[in-house]
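Asker: Prediction below, plus the sequence it came from.
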Amino acid sequence: MGVIIIREMVGTSPSSWSDAARQAVATASRTVRNIRTVEVVKSSAIVEDGEIVEYRVEIKIGFEYEG
């Protein structure tokens with residue numbers, strides 16, 4: 001492995017924090033090749049009427065530089 005570039009993203013899901021992370025990686029993989037690592041930096045949620053309606057994760061995605 002050579003140089004790894006790190007980008008930060010926020011993923012969201014109505015289901016779970018892990019699904020929010022999966023959604024972020026799936027979205028990133030549409031335009032970024034060679035994703036190698038994912039680090040969950042922060043988890044949070046939106047609550048309405050006493051129920052969680054949206055899970056959020058801030059993640060760092062690492063991908064290999066192709067220069």
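Answerer: All right, it came through fine.
Asker: what about the nearest residue to Pro14 once chain neighbours are set aside, how many residues close to it?
Answerer: In space, and not counting its chain neighbours, Pro14 is closest to Glu54: 6.1 Å by CB to CB, 6 or more residues apart in numbering. For glycine as for every other residue, the C-beta is placed from the backbone atoms N, C-alpha and C. Burial measure for Glu54: 14 neighbouring residues, criterion other CB atoms under 10 Å.
Asker: if I look at Glu54, how far off is Ile35?
Answerer: 24 Å (CB to CB, to the nearest Å).
Asker: For the helix or strand in which Gln23 is found, give the mean pLDDT please.
Answerer: In this structure, Gln23 sits in helix 17-28 according to DSSP states H and E. Helix 17-28 comes out with an average pLDDT of 97.
Asker: Just the buried positions in the helix or strand just after that helix, please.
Answerer: For helix 17-28, the following helix or strand on the C-terminal side (DSSP H and E) is strand 35-48. By 16 or more other CB atoms under 10 Å, the buried positions in strand 35-48 come out as Val38, Ala45.
Asker: What distance do you get for the residue nearest to Val32 when sequence neighbours are not counted to Val47?
Answerer: Nearest non-adjacent residue to Val32, counting by CB to CB, 6+ apart: Phe63, 5.3 Å away. Between Phe63 and Val47 the distance is 33 Å, computed by CB to CB.
Asker: same thing with Ile6?
Answerer: Distance from Ile6 to Val47, by CB to CB: 30 Å.
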